[in-house]
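Engineer: Okay, predicted coordinates and the sequence, questions at the end:
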6 protein chains.
Amino acid sequence: MTNLDAYRISSEPFYRPVESEIALFEAAHKSRMPVMLKGPTGCGKTRFVEHMAWRLGKPLITVSCHEDMTASDLVGRYLLDTDGTVWHDGPLTLAVREGAICYLDEIVEARQDTTVVIHSLTDDRRILPLEKKNEVVRAHPDFQVVISYNPGYQSVLKDLKESTKQRFGAIAFGYPSPDIEAEIVAREAGIDRRTAEVLVRIAERSRNLKGQGLEEGASTRMLINAGLLVAAGIAIEAACQVAMVVPITDDPDLRDALTGAIAACL
Amino acid sequence: MTNLDAYRISSEPFYRPVESEIALFEAAHKSRMPVMLKGPTGCGKTRFVEHMAWRLGKPLITVSCHEDMTASDLVGRYLLDTDGTVWHDGPLTLAVREGAICYLDEIVEARQDTTVVIHSLTDDRRILPLEKKNEVVRAHPDFQVVISYNPGYQSVLKDLKESTKQRFGAIAFGYPSPDIEAEIVAREAGIDRRTAEVLVRIAERSRNLKGQGLEEGASTRMLINAGLLVAAGIAIEAACQVAMVVPITDDPDLRDALTGAIAACL
Amino acid sequence: MTNLDAYRISSEPFYRPVESEIALFEAAHKSRMPVMLKGPTGCGKTRFVEHMAWRLGKPLITVSCHEDMTASDLVGRYLLDTDGTVWHDGPLTLAVREGAICYLDEIVEARQDTTVVIHSLTDDRRILPLEKKNEVVRAHPDFQVVISYNPGYQSVLKDLKESTKQRFGAIAFGYPSPDIEAEIVAREAGIDRRTAEVLVRIAERSRNLKGQGLEEGASTRMLINAGLLVAAGIAIEAACQVAMVVPITDDPDLRDALTGAIAACL
Amino acid sequence: MTNLDAYRISSEPFYRPVESEIALFEAAHKSRMPVMLKGPTGCGKTRFVEHMAWRLGKPLITVSCHEDMTASDLVGRYLLDTDGTVWHDGPLTLAVREGAICYLDEIVEARQDTTVVIHSLTDDRRILPLEKKNEVVRAHPDFQVVISYNPGYQSVLKDLKESTKQRFGAIAFGYPSPDIEAEIVAREAGIDRRTAEVLVRIAERSRNLKGQGLEEGASTRMLINAGLLVAAGIAIEAACQVAMVVPITDDPDLRDALTGAIAACL
Amino acid sequence: MTNLDAYRISSEPFYRPVESEIALFEAAHKSRMPVMLKGPTGCGKTRFVEHMAWRLGKPLITVSCHEDMTASDLVGRYLLDTDGTVWHDGPLTLAVREGAICYLDEIVEARQDTTVVIHSLTDDRRILPLEKKNEVVRAHPDFQVVISYNPGYQSVLKDLKESTKQRFGAIAFGYPSPDIEAEIVAREAGIDRRTAEVLVRIAERSRNLKGQGLEEGASTRMLINAGLLVAAGIAIEAACQVAMVVPITDDPDLRDALTGAIAACL
Amino acid sequence: MTNLDAYRISSEPFYRPVESEIALFEAAHKSRMPVMLKGPTGCGKTRFVEHMAWRLGKPLITVSCHEDMTASDLVGRYLLDTDGTVWHDGPLTLAVREGAICYLDEIVEARQDTTVVIHSLTDDRRILPLEKKNEVVRAHPDFQVVISYNPGYQSVLKDLKESTKQRFGAIAFGYPSPDIEAEIVAREAGIDRRTAEVLVRIAERSRNLKGQGLEEGASTRMLINAGLLVAAGIAIEAACQVAMVVPITDDPDLRDALTGAIAACL
């Protein structure tokens, strides 16, 4: 009844490879090995998985995980209908049955039942027991699990269990090199290369402040936001304030440091 | 079936610009960049977003966030009907489908699932997966997310995640300059300019007590309340007690300090 | 369908004014300013709001707040009917639609969603968005919010947010002067003035013990209870024990101190 | 439809008065003043309220409170029926409508919403707002609230609010004098007076150990249990072990002390 | 409609009495006194209550309590049927109506509402108010409550309330004497007496390690498990490892100590 | 209606025995003794139970436990149907009725009600009371409970109760000897023996780092993942990074140590 057409990616999502991540993902995909994408906020993990889904011609079902998400949100539930209760597959079950890549974004945020539910799908059993239905769904040959994981966030209290981690092949992501990042920012924001390079230089200085009061430095995404404001006619200093300073800190010293970094690069 | 007429603002909400906030918002709106309005209680953030919605001719759906709000409160849920369960769009989904500005007031108060639900809407994907329906809603071209954020409130335990913050362009608000504030108070409370100036002077003294036992000084909203009482025939000292002292502190020393501040300005 | 007749107060509730509280409330009511009544337990806040509702000829909807109360308890919910789910307005929505004074007693006890729900009703918007219904209720011109607040109870963990407090005009209440209190007690308990004066003298001594192990001294309500027992034939010492000592402390020293206070006044 | 016949007490419950508690309760009942019965476990509070209900010819609805009890458990709820949802009065509402004494046993154990729900019933308003029904039930003239309260149990975290306590007249209970207690035990257990006196002497020694490792000494109820075992042919030492030692402590020293106390009294 | 045939015990459960526990239980049963069985894990409390139910010819309803159990799990609930909601008695209500022994295993694990629900059944009232039904069930003359309680488990945070404990006659259980225990193990595991004696000697050594890192020593149940493995052809050392060492500790030193204890007894 | 065909294992799951675990399991199975499989993540416990189910010709129902799992998830629940509520057996009840091996994976993660529910099934009673149905299911003669338990995970706060542990025979698992492990890795990943031996040597070094910052060393499962990447054309160093380093640590020193271990073995 349901099919995956809504989850197919019809046009190529722009992705600028940095190292061998495409080859590694393709190798893992061959045996449908579960893949963990590790890296900081806004460095392109979500874009990468969209690109790979397009490249491999597989539908992609993305679930943004959060701490109130339950296993039922993934697996499905009974809903009351005029004909009594009817089972509705959740996004994971849909991916398992029909053969999609299921991308669980920031899975570590979810409750443990969400994590445990993928265990039987990420070893050689490749089954999903729907306990409430007494049904055992065998995974479609194309089904693959991908998760994202931000190493900066995890704490002792909130981390994946060892028995979950060990099931995954992991690919590490970082911010791209200055050249590549300027290319990305210019393209995505629709600004000239020189302005993009200025923004990248500002980002580098911002990233150096990480750990000195700043939780994370400016991400590629923030540079694109600054670029978009410039493209809309805002002066570059003001654009950087709006996109790269005000959103991330209220500390006057840090604001000064960031404002100084911006001035130094112009 | 549902349309957004109830959410259109028919007459111009009075807003007195302070700096370049209107131009910044308009630039961000051009690329539908998510916007974060930062500033203390009662300084005019809500009024600003109403003004901008009117100015841009866009419907505005406002949601006051709180710690018991769930993603379903935003996104929608199945309700039981005579024909079985029927899906009802929540306010966010309505805004996404029909193209409104969705204003999430004090989003940091909400549970994390509420915050995470906007992630796929605030990057270039601009989609809202309704997991319980297996539907992916692509955002209407006019849809934009605006959130408010009070820097004084956040703590380590309750703050937006870095991966949320980095998606937003942010505009900082403060209390207006004395001149502008007196203009606003006189207009909104229906009192003469001289009385309004007295109230603004009292507010300035009150704001200086912030951090000395007072969580926040008097907001513009409180000045308007004092003005309304004066307009209703209450003496200015009594009006200031009712609107600017008794609501915010029970500490005898602070009450004395505030009472002194009032006396000094009359 | 529903109307407010059940909430109209047909006969004048006895209220003995102490200061200018009636004038202040009437001034606030003129602009429908939200009002906060501050003061200790049993000093007459609830009686005052009933008196004002009667005086102003407005229906009064009172809600006793508690920590398990949700926004739905105030706003309304869908109930399942033979014709599917039907929306039932909660007490706040009823007051908003039909134009009543809505009195939220001890609102600080409630969960934050209850508090936040009144934000859009307590600024110039005066709207109540029923998110679950996608309906925006504009307040009836007579609608006004009144809340009570006991300064002795609040702690850092459980207090109103600054952004809530600043919306209210606040009137402070205390115990009435001895003369007025004796008048009230004699009238309400049906005892002679002399006995009432004795009870008030005992109350004053009891209130002096506040902070020396006693959380609060005897309230006017407790004096009336003692008076009622006297009127029913119980000796005054025994009546004071039952109404003013045993209910509030189990500490032998405090019981002795209170018993001594009673003996000293007879 | 529902009536209170099931809650009438047809035969006199045996109650042996200790002081003037019957007169005090009757005086409070005259003005339907809320009554709080204070005292240790098993000293006869429940029996007293049953006796008073019988004496006054009023039906008695008893609710054993516990920490998972909600206001709905007291007030009522909508239940789904073939004709849609139908309201079912809870035990408190039943008592309010039909005029019963409502006895809330160990109310301090309940969640705060349960406590707050009785506020409007325990001042001169005597109303119960059924918020979910938009109905205001005015109390039947015979309705009275009685609560029990064990001073030994309360802690800072779990106590009645001052605003609740101050609404009640309170009667303190303790264990009866030896003579009266022996009379009670002999009667209830069906044993001879001499054996009952031995049990009472053992109880006195046990009560002296309170605070020396024992949370509470032997209650009258425990003496009756011991008496019942003796009446069933068990030797008095063994009966005392089963009814008065083993249930309350596993500490070997305390067991020895209690065993010594038993031996000393035989 | 429902009857208790499913809960009758048709053949005598083997129980080897150790002291006078059968006589004590029978005496308590005469007046239907609530009985508490105290003792360590696996010493035969459950078997004893099954034996007594068979001996007294009474049906036995056993409920294993746990921390997520609610009063409704015991008392009953409304279920939705084609004819609307229909009340279904829980196991306790069934026992109360029809006259069974209701055995609440490890009641201290349950939430307090579960504990409080038995209060009115364990004093002379012997009633069970079904508050949700406004029904008061009077206990069948044969109804009796039995609970089990393991003194080693309780902590300050999780213990029965004094007002619960004082309602019970209590019988203390321990491990049987070596002779009796060997008899039990030989019979239940189907092994020869000599092997059983060896197992009992090992158990004694294991029990001596209690408090030296071991939470509890080997129970009779564990000896039977070891015996069953021996009967199935496993060597006695391996059987003791599987049944008496590996399940209870992962500490290498304790494993060595237990292994040494096994070797010493062979 | 339901039968267990979906839970039968049709072809032999590869299992390489390490010690006498097959004989021990078969002996325990003879008397249907509950079995606990103890050992670290990814060492083959799940594969072993699948192998044993195949070997013994019994259907296997596996449940991955997690901290949000309730007893109802195991036992069953009422679902609303057109004919009213209908009971649906959960996976445990299905196994009990029809005679399957029920494998509760990582049971210690589950809430206590899940653990307690198996108590009456794991002593000689072998019954499952379905309290919500007032039904007592007697276990099919083939029913057996198997649980897994990772000693490295348990803490004081989250462990099985002694009364649960003592019901089980326990079999300890570790990583296989190098020879056997290489055989397993070569077979499962489809790589040559020499490469598998290299991977095993790397794993040994990784396991030596356990406790020096690494929660657990490389499991057999991780070696197979590395092998699969090699088989897909990835160089062995890169494959080890993806499968054995990046997933389990973000600490730069540990990454260096692991990278050094890989280099040393090539």
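Structural biologist: Here it is on my side, so go on. Numbering: from 1, shown residues only, chains lettered A, B, ... in the order given.
Engineer: Roughly how far does A:Glu98 sit from chain E?
Structural biologist: When CB to the nearest CB, to the nearest Å is the yardstick, A:Glu98 and chain E sit 34 Å from each other. (Glycine included, C-beta is placed from N, CA and C.)
Engineer: any idea how far the closest residue to A:Thr195 other than its chain neighbours lies from B:Pro91?
Structural biologist: Counting by CB to CB, 6 or more residues apart in numbering or on different chains, the nearest residue to A:Thr195 once its immediate chain neighbours are dropped is A:Val230, at 6.1 Å. The gap separating A:Val230 from B:Pro91 is 33 Å, by CB to CB, to the nearest Å.
Engineer: hang on, the earlier thing: just checking, the residue nearest to A:Thr195 touches A:Gly190?
Structural biologist: No. Taking contacts as CB atoms under 8 Å, A:Val230 lies outside contact range of A:Gly190: 9.4 Å.
Engineer: Show me which of those two is the more surrounded one.
Structural biologist: Using other CB atoms under 10 Å in any protein chain shown as the criterion, A:Val230 and A:Gly190 rank with A:Val230 on top: 24 against 14.
Engineer: quick one: secondary structure of that one?
Structural biologist: Using DSSP: H, G, I helix; E, B strand; the rest coil as the criterion, the local structure at A:Val230 reads helix.
Engineer: Contacts only, for it.
Structural biologist: When contacts are counted by CB atoms under 8 Å, 6 or more residues apart in numbering or on different chains, A:Val230 touches A:Ala189, A:Ile191, A:Thr195, A:Ile236, A:Ala239.
Engineer: at 6 Å what do you get?
Structural biologist: Taking CB atoms under 6 Å, 6 or more residues apart in numbering or on different chains as the definition of contact, the neighbours of A:Val230 are A:Ile191, A:Ile236, A:Ala239.
Engineer: Keep only those of the residues you listed that are in helices.
Structural biologist: For the contacts of A:Val230, membership in helices holds for A:Ile236, A:Ala239, with DSSP state H as the criterion.
Engineer: Of the contacts of A:Val230 - the most surrounded one?
Structural biologist: Ranked by the number of neighbours (other CB under 10 Å), the contacts of A:Val230 place A:Ala239 first, at 28 neighbours.
Engineer: which ones are touching that one?
Structural biologist: Under the criterion of CB under 6 Å, 6+ apart, the neighbours of A:Ala239 are A:Ala226, A:Leu229, A:Val230.
Engineer: The same query, at a cut-off of 10 Å, please.
Structural biologist: A:189, A:191, A:195, A:199, A:225-233, A:262, B:24, B:27-28, B:169 (CB atoms under 10 Å, 6 or more residues apart in numbering or on different chains).
Engineer: For ChimeraX, write the select line for the buried members of those residues.
Structural biologist: In ChimeraX, selecting the buried portion of the contacts of A:Ala239, with burial taken from 16 or more other CB atoms under 10 Å in any protein chain shown, looks like this:
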select /A:189,191,195,199,225,226,227,228,229,230,231,232,262 /B:24,27,28,169
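Engineer: Could you give the secondary structure assignment for whichever residue of the stretch 101-250 of chain A sits closest to chain E?
Structural biologist: The shortest separation between the stretch 101-250 of chain A and chain E is 14.8 Å, found at A:Asp113 (distances taken as CB to the nearest CB). When classified by three-state DSSP, A:Asp113 comes out as helix.
Engineer: doesn't A:Met69 make contact with it?
Structural biologist: Yes. The pair A:Asp113 and A:Met69 qualifies as a contact (CB atoms under 10 Å) at a distance of 9.0 Å.
Engineer: How about stretch A:10-28 and chain B, touching?
Structural biologist: Yes. Applying CB under 10 Å from any CB of the partner chain, one finds stretch A:10-28 in contact with chain B at A:Pro13, A:Phe14.
Engineer: Rounded mean pLDDT for that stretch, please.
Structural biologist: Summarised as a single mean, pLDDT over stretch A:10-28 is 93.
Engineer: Next, the distance between the ends of stretch A:108-115.
Structural biologist: According to CA to CA, to the nearest Å, stretch A:108-115 extends 8 Å from its N-terminal end residue to its C-terminal end residue.
Engineer: Measure how far it is from the centre of its chain, please.
Structural biologist: Averaging C-alpha coordinates over stretch A:108-115 and over its chain gives two centres that are 16 Å apart (CA atoms, centre = their mean, to the nearest Å).
Engineer: hmm, stretch A:114-132 in reach of chain B?
Structural biologist: No. For stretch A:114-132 and chain B, the contact criterion (CB under 10 Å from any CB) is not met; the two come no nearer than 11.9 Å.
Engineer: For that stretch, buried residues please.
Structural biologist: Neighbour-count burial for stretch A:114-132, counted by 16+ other CB under 10 Å, picks out A:114-123, A:125-126, A:128-132.
Engineer: Could you tell me which of the residues you listed are located in strands?
Structural biologist: Secondary structure from DSSP state E places A:Leu128, A:Pro129, A:Leu130 of the buried residues of stretch A:114-132 in strands.
Engineer: Need the nearest residue in space to the second one, chain neighbours excluded.
Structural biologist: Once flanking residues are discounted, A:Pro129 sits nearest to A:Val136: 5.1 Å by CB to CB, 6+ apart.
Engineer: Could you check how far the nearest residue to A:Asp5 once chain neighbours are set aside is from B:His119?
Structural biologist: The shortest distance from A:Asp5 to any residue other than its chain neighbours is 7.9 Å, reached at A:Pro59 (CB to CB, 6+ apart). Distance check for A:Pro59 against B:His119: by CB to CB, it reads 20 Å.
Engineer: mind giving me the domain split of chain A?
Structural biologist: The domain map for chain A lists A:5-172, A:178-265, with the assignment taken from automatic domain parsing.
Engineer: Can you tell me which of the ones you listed has the worst average pLDDT?
Structural biologist: Within the domains of chain A, the least confident segment by mean pLDDT turns out to be domain A:5-172, at a mean of 88.
Engineer: check contacts around A:Ser163.
Structural biologist: The neighbours of A:Ser163, taking CB under 10 Å, 6+ apart as the test, are A:115-116, A:119, F:40-42, F:105-106, F:109, F:148, F:150, F:152-153, F:216, F:219, F:221.
Engineer: What about contact with chain B: does the helix or strand where A:Glu188 lies have any residue there?
Structural biologist: Using DSSP states H and E, A:Glu188 maps to helix A:178-189. Yes. Against chain B, helix A:178-189 shows contacts by CB under 10 Å from any CB at A:Glu188, A:Ala189.
Engineer: one step back: doesn't A:Ala53 make contact with the residue nearest to A:Asp5?
Structural biologist: Yes. The pair A:Pro59 / A:Ala53 is scored as a contact, 7.0 Å apart, by CB under 10 Å.
Engineer: overlap in contacts of those two?
Structural biologist: Shared contacts of A:Pro59 and A:Ala53, counting by CB under 10 Å, 6+ apart, come down to A:Tyr7, A:Arg8, A:Ile9, A:Ala100, A:Ile101.
Engineer: what does the stretch 151-266 of chain A have sitting close to chain F?
Structural biologist: Taking CB under 10 Å from any CB, the part of the stretch 151-266 of chain A that reaches chain F is made up of A:151-152, A:154, A:159-172.
Engineer: Filter these down to the buried ones.
Structural biologist: A:160-172.
Engineer: Report the two of these separated the most.
Structural biologist: The two members of those with the most space between them (CB to CB) are A:Ser163 and A:Ala172, at 21.3 Å.
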